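Visitor: Could you look at this predicted model? Sequence included:
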Amino acid sequence: MVEDISVADFEKDALAFLEHNLEPRVEVQQRWGEGSDQVTLLPERTLEEELEELARARAWAQKRFDAGFGWVTGPVQYGGRQLSRDHQRAYEAAEARFAAPPMTAYGIGLGMVAPTILAHATDEVKERYLRSMWRGDIVACQLFSEPSAGSDLASLQTKAVRDGDEWVVTGQKVWTSGAHLSDIGEILCRTDPEAPKHKGLTGFVVDMHAPGVDIRPLRQLTGGASFNEVFFTEVRIPDSHRLGDVNGGWTVALTTLMNERAAIGGGMAGTSGGNMSTQRLIDLVRHQGKEHDPLVRQQVADIVINGRVASYTTLRSMAKIAAGQLPGPEMSIAKLSLTMNMRRMGDLLTTVLGPKLVADSGEWGTYAWSQFILGIPGMRVAGGTDEILHNIIGERVLGLPKEPAPAKEPAAG
Ligand SMILES: Cc1cc2nc3c(=O)[nH]c(=O)nc-3n(C[C@H](O)[C@H](O)[C@H](O)COP(=O)(O)OP(=O)(O)OC[C@H]3O[C@@H](n4cnc5c(N)ncnc54)[C@H](O)[C@@H]3O)c2cc1C
């Protein structure tokens, strides 16, 4: 039964719950030279720190779900409250006023995998996983990319072969964020090697603890190891865990990818990204004595203006989703405007800090920016590279002719 509760009454209940369970968020005005000077885009933590953070996040997710605030818009039959997006927004705004633990480990599962399960999975799989995903009991990852299939995802080679009521999966995935913390994964496999590449793929939900799954961490250039390569050796998946139709995996993948762009653009809307703020950038310029340099001032103004543009573009596309429409190429524009602004920030930092970015002199708030700069290439690749997003905008928004296909190899002999 769907409840009839006004947004105002719902918000009152939410505030009572939050006040009882969390401390209010205290905005600490960061002063130059005080506290940590780390500025990062990707979290850089040890496995122990990740597990500690996950335990705190899980305890909070379970408490929130059990109190009826975990999945506000979700269908009642899978554990949601089936309330409106206005109720959801009211809860998010209320929770933002309190010191809730970071929910990083759940980002991909709830932002991308859960909406795909809801749209394409069998009732059995929805019953089995959606409640526990939203309650924080389990973590999910996205197993799409392979060593020879990233931008050209449809050329992936991990194969799934039907064997009665099961599928047998063999192959390798790579860059799988959070696989080492995950209980399930959304995997895309080739099920018909003879069909054109987009038409021979099928999606599944795979148990990451199943025999034959081997997860190996990859260390990124910023130091942490938040993603992995994952090997599958004859891993068995029940047919009930198939997402959508056999060989209909491309439609399933598009649901996930659109939600990915929305999650990246929405999570980092605006000037910044990671734990960077415009104020921090301006403070840096001042403390390096460059605040009167006309070129530097122009660069800062450009970043602020483009940050606003990125933020409004993201809000526009989020509004489209909120109105129940499918996210379209706007998401590509939103993500691209964010990463283009990160490049501008990288250029400004290089102008202002010069060699201090590469040699650690111990001076507060200088070398620490190198972590931010080293994180930018990853942001320009994850969720669709800048070049691919340019192609999407050129072809689908501006209506330009399609990119020519690569020239065929001359026939041997
Ligand atoms: C931080 C991070 C987290 C990630 N997490 C996940 C995850 O959880 N799960 C997952 O499945 N994957 C994940 N990925 C992988 C990501 O989806 C791929 O890296 C991305 O799709 C690009 O693929 P690739 O690395 O194979 O590069 P390639 O596709 O090989 O591209 C190499 C270069 O060629 C350019 N290029 C390729 N094709 C074209 C073209 N047609 N026109 C113009 N230029 C082109 C690209 O822009 C790029 O500069 C993650 C990546 C990063 C950086």
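Guide: Sure, I can see it. Because the structure is predicted, anything quoted here is derived from the model rather than measured.

Visitor: gap between stretch 236-255 and the chain center?
Guide: On the basis of CA atoms, centre = their mean, to the nearest Å, stretch 236-255 sits 21 Å off its chain's mean C-alpha point.

Visitor: What are the buried residues along it?
Guide: 236-238, 241-244, 248-250, 252-253, 255 (16 or more other CB atoms under 10 Å). Where you see a C-beta, it was placed from the backbone N, CA and C, and this is true even at glycine.

Visitor: What parts of this structure come near the ligand?
Guide: Taking CB under 6 Å from any ligand atom as the criterion, the chain approaches the ligand at residues 108, 141-145, 150-151, 175-177, 227, 378, 381-382, 385, 387-388, 391.

Visitor: Only whichever of the residues you listed are buried, select them in PyMOL.
Guide: Applying 16+ other CB under 10 Å to those, the buried members can be selected in PyMOL as follows:
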select buried, resi 108+141+142+143+144+145+150+175+176+177+227+378+381+382+385+388+391
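
Visitor: quick one: which of the residues of the chain next to the ligand sit in strands?
Guide: The members of the residues of the chain next to the ligand that map onto strands under DSSP state E are 141, 142, 143, 175, 176, 177, 227.

Visitor: how near is residue 134 to residue 208?
Guide: Look at residue 134 and residue 208: by CB to CB, to the nearest Å, they are 18 Å apart.

Visitor: Point me to the residue of the stretch 151-300 of the chain nearest the ligand.
Guide: In the stretch 151-300 of the chain, the residue that lies nearest the ligand is residue 151 (3.1 Å; CB to the nearest ligand atom).

Visitor: quick one, what contacts that residue?
Guide: Contacts for residue 151 (CB atoms under 8 Å, 6 or more residues apart in numbering) come out as 384, 385, 387, 388.

Visitor: how much space between it and residue 215?
Guide: From residue 151 across to residue 215, the span is 24 Å (CB to CB).

Visitor: Tell me how far residue 383 lies from residue 319.
Guide: In terms of CB to CB, residue 383 sits 20 Å off from residue 319.

Visitor: Repeat that for residue 60.
Guide: From residue 60 to residue 319 the distance is 28 Å (CB to CB).

Visitor: of these two, who's got more company?
Guide: Taking other CB atoms under 10 Å, residue 60 and residue 319 do not tie; residue 60 has more neighbours (19 against 11).

Visitor: Find the nearest non-adjacent residue to the more buried one, please.
Guide: Spatial nearest neighbour of residue 60, excluding adjacent residues (CB to CB, 6 or more residues apart in numbering): residue 101 at 5.1 Å.

Visitor: tell me the contacts of the one residue in the chain that gets nearest to the ligand?
Guide: In the chain, the residue that lies nearest the ligand is residue 150 (1.8 Å; CB to the nearest ligand atom). Residues in contact with residue 150 (CB under 8 Å, 6+ apart) are 175, 381, 385.

Visitor: what's the answer for residue 190, then?
Guide: 156, 157, 158, 159, 160, 200, 201.

Visitor: Likewise for residue 134?
Guide: Counting by CB under 8 Å, 6+ apart, residue 134 has contacts 61, 65, 70, 71, 74, 79, 80, 110, 114.

Visitor: Likewise for residue 42?
Guide: Counted by CB under 8 Å, 6+ apart, residue 42 has contacts 220, 222, 224, 226, 274, 375, 378.

Visitor: Reformat those residues as TSV; add pLDDT and secondary structure.
Guide: Output for these, formatted as TSV (pLDDT from 0 to 100; DSSP: H, G, I helix; E, B strand; the rest coil):
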residue	pLDDT	secondary structure
220	85	coil
222	82	coil
224	84	coil
226	87	coil
274	53	coil
375	90	helix
378	90	helix
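
Visitor: what ranges do the helices span in the stretch 251-400 of the chain?
Guide: Secondary structure of the stretch 251-400 of the chain (DSSP state H, counting those that start in this stretch): helices located at 278-287, 294-322, 330-353, 369-381, 386-392.

Visitor: can you count the residues close to residue 2?
Guide: 9.

Visitor: Please apply the same query to the one 4 residues further on.
Guide: A count of neighbours around residue 6, defined by other CB under 10 Å, yields 10.

Visitor: Kindly provide the distance from it to residue 102.
Guide: Taken as CB to CB, the span from residue 6 to residue 102 is 31 Å.

Visitor: now the stretch 301-413 of the chain, which segments are flagged as low pLDDT?
Guide: Applying pLDDT under 70 to the stretch 301-413 of the chain picks out residues 326-327, 406-413.

Visitor: same check, this time on the stretch 51-200 of the chain
Guide: Within the stretch 51-200 of the chain, no stretch has pLDDT under 70.

Visitor: For it, just list every one of the helices.
Guide: For the stretch 51-200 of the chain, helices defined by DSSP H, counting those that start in this stretch occupy the ranges 85-95, 107-108, 114-120, 123-125, 131-134.

Visitor: got those helices as a markdown table, with distance to residue 232 columns?
Guide: Formatted as a markdown table, these follow (distance: least, CB to CB, whole Å):
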| stretch | distance to residue 232 |
| --- | --- |
| helix 85-95 | 36 |
| helix 107-108 | 18 |
| helix 114-120 | 19 |
| helix 123-125 | 19 |
| helix 131-134 | 21 |
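
Visitor: Can you check which of those gets nearest to residue 333?
Guide: Closest approach to residue 333 among the helices of the stretch 51-200 of the chain is made by helix 114-120 (20.7 Å; CB to CB).

Visitor: For the closest one, C-alpha coordinates in PDB please.
Guide: C-alpha atoms of helix 114-120 as PDB (Å, rounded to 0.1, in the frame of the first residue of the first chain):
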ATOM      1  CA  ALA A 114      20.400  -0.900  -8.900                       C
ATOM      2  CA  PRO A 115      18.500   1.200 -11.500                       C
ATOM      3  CA  THR A 116      19.600  -1.300 -14.200                       C
ATOM      4  CA  ILE A 117      18.300  -4.200 -12.100                       C
ATOM      5  CA  LEU A 118      15.000  -2.400 -11.500                       C
ATOM      6  CA  ALA A 119      14.600  -1.800 -15.200                       C
ATOM      7  CA  HIS A 120      15.800  -5.200 -16.600                       C
END
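
Visitor: list the helices and strands it packs on?
Guide: In terms of contacts (3 or more CB pairs under 8 Å, 6 or more residues apart in numbering; DSSP states H and E), helix 114-120 is packed against helix 131-134, strand 201-207, strand 242-243, helix 249-267.

Visitor: by contact count, what packs against the third one?
Guide: In other words, strand 242-243. Going by 3+ CB pairs under 8 Å, 6+ apart, strand 242-243 lies up against helix 114-120, strand 201-207.
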